[in-house]
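J.: take a look and give me a structure for this.
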Amino acid sequence: MARGKQTEPMSYSPSDYQRGRWAIYLFLIIVCICQLLPFYLAITTSLKPSDDMSPSLVMRTHDLAWSNWTQAVNEGGILKAVFNSAVVTVCSTFLVCVLGAAAAYPLARRMTKWNKFISAFILSMMMIPPMSILVPLYTFLVQIGGINNYWGIVIVLTAEKLPLSVFLYTAFIKAIPPAIDEAGALDGANHLQVFNRLILPMLKPVTATVVIMTGSAVWNEFALSSYILTDPQSQTIAPRVASFFSVNTNNLG
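T.: So this is what the prediction gives:
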């Protein structure tokens, strides 16, 4: 039988590489402009006095209303809200990562009927809208004193984001060969030592995913925080900005 002709690898000239490099640079510039445009619009608008309602997008060069920034910090409590958001985000993300990884390890390694039922139950929790249980949740938090407290909103947001974390960690741990666990057991390590010393260091990629998804979602969370955190001193950035804007609707800056 005659052999087919072998295809020769394609060769690229230095000019082709140069055009590809400039295309990448152009794409990055466009992405940066799209990402920075909202910040530019916010800064431009914030420097307008209250009587300036013009739609101009050009930065003002005179009569800059720096008092808008002072009012937002002093009366709006924006810096305190940023601190509250940072505390809630760090605590919630940490708990979601730790509890999610710890719960996913036995679910991924012990493929029993009971564990399959638990995995399906945790997955079904992702389908329940958090606002659908707001009334009993708020009543429960009032009874235990969790309203206007860090730990109250942290517990709620951790429980909300935990099912997705368990699902991601379980899928990732299933891809890790069980022989690693067996090797650790042969060296005398128990289940906790195998998880801490062998499995946990391998979970860095999925942990980064969970941190990004959970951190951004908790930082931008508005619906639950606006009901649980009603005190201006304990509000996070999203409900605090909304309440501050509702009072100052006549001052666009």
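J.: ok, the nearest residue in space to Ala183 that is not next to it in sequence - how many residues close by?
T.: Among residues not flanking Ala183 along the chain, Leu198 sits closest, at 7.9 Å (Cβ to Cβ, 6 or more residues apart in numbering). To be clear about C-beta, it is placed using only N, CA and C from the backbone, and glycine gets the same treatment. Here the neighbour count serves as a burial measure; for Leu198 (other Cβ atoms under 10 Å) it reads 16.
J.: hmm, Gly184 and Leu198 touching each other?
T.: Yes: in terms of Cβ atoms under 8 Å, Leu198 counts as a neighbour of Gly184; the distance is 5.1 Å.
J.: how near is the residue most central in space within the chain to Ala208?
T.: By Cα atoms, centre = their mean, the chain has its centre lying nearest to Ser216, at 2.3 Å. For Ser216, the distance to Ala208 equals 13 Å [Cβ to Cβ, to the nearest Å].
J.: likewise Val58?
T.: The spacing between Val58 and Ala208, counted by Cβ to Cβ, is 40 Å.
J.: low-confidence stretches in the stretch 101-250 of the chain?
T.: Along the stretch 101-250 of the chain, the parts satisfying pLDDT under 70 run over 248-250.
J.: now do the helices in it.
T.: Along the stretch 101-250 of the chain, the stretches classed as helices by DSSP state H, counting those that start in this stretch are 113-125, 134-144, 150-174, 179-186, 191-194, 204-219, 223-228, 237-247.
J.: nearest approach to Val73 belongs to which of those helices?
T.: Ranking those by distance to Val73, with Cβ to Cβ as the measure, places helix 237-247 first at 10.7 Å.
J.: tell me what angle the closest one forms with helix 204-219.
T.: 20 degrees (axes from the mean of the first three to the mean of the last three Cα atoms, to 10 degrees).
J.: what comes up buried for helix 237-247?
T.: Judged by neighbour count using 16 or more other Cβ atoms under 10 Å, the buried positions of helix 237-247 are 237-241, 243-244.
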